[in-house]
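Predicted model and sequence below, questions to follow.
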Amino acid sequence: MLPYGRHAVDQDDIDAVVDVLKNQLLTQGTAVPAFESALCKYTQANYALAVNSGTSGLHVACLAAGVGPSDLVWTVPNSFVASANCARYCGADVDFVDIDPLTRNISVECLKIKLANCRKFPKALIVVHFAGVSCEMQTIAALMKKHNIVLIEDAAHALGATYQDKPVGSCHFSDMTVLSFHPVKSITSAEGGAITTNNKGFIERLTLFAKHGITREPSSLEDKDQGAWYYEQQELGYNYRMSDLHGALGLSQLNKLNTFIQHRREKAGAYLSALRALPIKLPSEDALATSAWHLFMIELIKHDRKQVFNALRDRGLGVNVHYIPIHRQPYYQKLGFEHGDFPNAEHFYQGAITLPLFPTMTEIEQQYVIDTLIDVLQ
């Protein structure tokens, strides 16, 4: 079965992990700080904190933003559930903003309408760079600044993408950006994530919540008269640390990120050229040179999605669907959301299929995907 995504690990990656196993501390050593420093250099952000998953990153970003039980957080419905669950972990309420049918990202017009008609402004907005394409961050940032709303980028799909010639993760228009290093993402640390920010106060809060709520920083201690062993728990935090094994793999992978993204863009371009005549809706070609192309999503126009999906699977293609709209999950239905609440996201979901795309995908493999899809649709 040809999967929709696959990690690419070479001998350099293996050697980096083995070096930690043989010669370094397995956790709280030097590999994770080196990875964080490299992430700052790549994204052009001032600070980075590596954690054990993108979900953990979203959670501590909400905590650092001050999200709590009396607050409201907005995000989009076409994402993995973690984009909304992170607010629920903090006890906050969640609402959604519908998507733009063309970009599949948050609709700026829907956001403007929701802001104009809401009775309670959200504490934070979490925008999702769907499939690797950046949202319209400059416009969104201006709207958030007007209402003093913390802006968090869920860039789990988008490491390696750019917006206005700046790397996604630079936080040029946001307060924090959350990254994911799951095996099918732009780079992998097996499991892992990170948060970037340019705000010193946020990085201090992020670090505190990700490490048990404990600090050893002398300037932050309430009791400054103890010895070098002394630490204080100042918040109810979590053990979201990344191990040095994961950090070493992430650092080695980061060195190859630009090559990975170039391969993804070449394959996305090949799909766009080969599938243009089919009765399907393709991703926008406008994003070809700026997207990280984490996913290549098509929308069926006249075919039954279930039949096409099963036919492609039967022929050895590990196609997938991203995503079931969050508000249609049973948990969120129990909170009062209903089918039809966000029609653009639901319409996209009805016809969406994710085709295989990953850096090590061969021309023969991609041609098989193209030929098989053409055959099934005809």
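Right, received. Where do you want to start?

Only C-alpha atoms from now on, for both contacts and neighbour counts.
OK.

Tell me how many other residues crowd Ile126.
By the criterion of other C-alpha atoms under 10 Å, Ile126 has 28 neighbours.

Quick one: mean pLDDT over stretch 173-182.
The predicted model assigns stretch 173-182 a mean pLDDT of 98.

how long is that stretch end to end?
Counting by C-alpha to C-alpha, to the nearest Å, you get 25 Å between the two ends of stretch 173-182.

Could you name the specific helix or strand carrying Val159?
Let me fix one detail, which is that residue 159 is Leu and not Val. Leu159 is part of no helix or strand when elements are defined by DSSP states H and E.

thought it was touching Ser170?
No: under the contact definition of C-alpha atoms under 8 Å, Leu159 does not touch Ser170, with a separation of 10.4 Å.

between these two, which one's more packed in?
Neighbours per residue, other C-alpha under 10 Å: of Leu159 and Ser170, the larger number sits with Leu159, 32 against 25.

so what's that one up against?
If you count contacts by C-alpha atoms under 8 Å, 6 or more residues apart in numbering, Leu159 has them with 132, 167-169, 179, 186, 292.

Not counting its own residues, what contacts stretch 231-246?
Residues lying outside stretch 231-246 but in contact with it, judged by C-alpha under 8 Å, 6+ apart, are 17, 20-21, 25-32, 50-53, 56, 189-192, 208-217, 221-222.

mind listing which of the residues you listed are in helices?
If you go by DSSP state H, the contacts of stretch 231-246 have 17, 20-21, 31-32, 56, 208-210 in helices.

Please check the residues you listed and keep the buried ones.
Buried members of the ones in helices among the contacts of stretch 231-246, counted by 16 or more other C-alpha atoms under 10 Å: 17, 20, 31-32, 56, 208-210.

which one of those is nearest Ile106?
Within these, distances to Ile106 taken as C-alpha to C-alpha reach their minimum at Ser56, with 22.4 Å.

The closest one: what's its closest spatial neighbour, skipping adjacent residues?
Among residues not flanking Ser56 along the chain, Tyr240 sits closest, at 6.4 Å (C-alpha to C-alpha, 6 or more residues apart in numbering).

per-residue pLDDT, that neighbour?
On pLDDT, Tyr240 comes in at 98.

Now for it, how many residues are close by?
Counted with other C-alpha under 10 Å, the neighbours of Tyr240 add up to 22.

now swap in Ile326 and tell me
25.

Give the buried residues for the helix of greatest length in the chain.
Across the chain, the longest stretch assigned as helix under DSSP H is helix 257-274. By neighbour count with 16+ other C-alpha under 10 Å, helix 257-274 contains the buried residues 257-258, 260-265, 267-268, 271-272.

Show me the shaky parts of the protein.
Filtered on pLDDT under 70, the chain yields no residues whatsoever.

what ranges do the helices span in it?
Assignment of helices within the chain using DSSP H yields the ranges 11-23, 31-43, 54-64, 82-89, 108-117, 137-147, 200-210, 244-254, 257-274, 305-314, 330-333, 343-351, 363-377.

Reformat those as JSON lines; add distance to Leu357.
Formatted as JSON lines, those follow (distance: least, C-alpha to C-alpha, whole Å):
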{"stretch": "helix 11-23", "distance to Leu357": "21"}
{"stretch": "helix 31-43", "distance to Leu357": "23"}
{"stretch": "helix 54-64", "distance to Leu357": "21"}
{"stretch": "helix 82-89", "distance to Leu357": "23"}
{"stretch": "helix 108-117", "distance to Leu357": "28"}
{"stretch": "helix 137-147", "distance to Leu357": "26"}
{"stretch": "helix 200-210", "distance to Leu357": "33"}
{"stretch": "helix 244-254", "distance to Leu357": "18"}
{"stretch": "helix 257-274", "distance to Leu357": "7"}
{"stretch": "helix 305-314", "distance to Leu357": "15"}
{"stretch": "helix 330-333", "distance to Leu357": "30"}
{"stretch": "helix 343-351", "distance to Leu357": "19"}
{"stretch": "helix 363-377", "distance to Leu357": "8"}
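
wait, which of these is closest to Ile99?
Among the helices of the chain, helix 343-351 comes nearest to Ile99, with 5.9 Å by C-alpha to C-alpha.

sorry, back to before: wait, which of the buried ones among the ones in helices among the contacts of stretch 231-246 is closest to Ala116?
Distance to Ala116 across these (C-alpha to C-alpha) is lowest for Ser56, with 31.8 Å.

Roughly how far does that closest one sit from Met176?
To Met176, Ser56 is 14 Å away according to C-alpha to C-alpha.

and the residue nearest in space to the middle of the chain, what does it touch?
Using C-alpha atoms, centre = their mean, the residue of the chain that lies closest to the mean C-alpha position is Ala156, 1.4 Å off. By C-alpha under 8 Å, 6+ apart, the residues touching Ala156 are 54, 128-129, 178-181, 185.

repeat that with 6 Å
179-180 (C-alpha atoms under 6 Å, 6 or more residues apart in numbering).

Phi and psi next, for the residue of the chain positioned farthest from its centre.
For the chain, the largest distance from the centre (C-alpha atoms, centre = their mean) belongs to Asp225, which lies 42.6 Å off. Backbone torsions for Asp225, taken as degrees, to the nearest 10, come to phi -100, psi 10.

measure it to Tyr231 for me?
Computed as C-alpha to C-alpha, the Asp225 to Tyr231 distance reads 11 Å.

got it, and Lys120?
When distances are taken as C-alpha to C-alpha, Lys120 and Tyr231 turn out to be 39 Å apart.

got it, and Arg205?
Counting by C-alpha to C-alpha, the gap from Arg205 to Tyr231 is 16 Å.

ditto for Asp314
Between Asp314 and Tyr231 the distance is 57 Å, computed by C-alpha to C-alpha.

With neighbour numbers in mind, choose between these two.
In this view Asp314 and Tyr231 are compared by other C-alpha under 10 Å, and Tyr231 has more residues nearby, 18 against 11.
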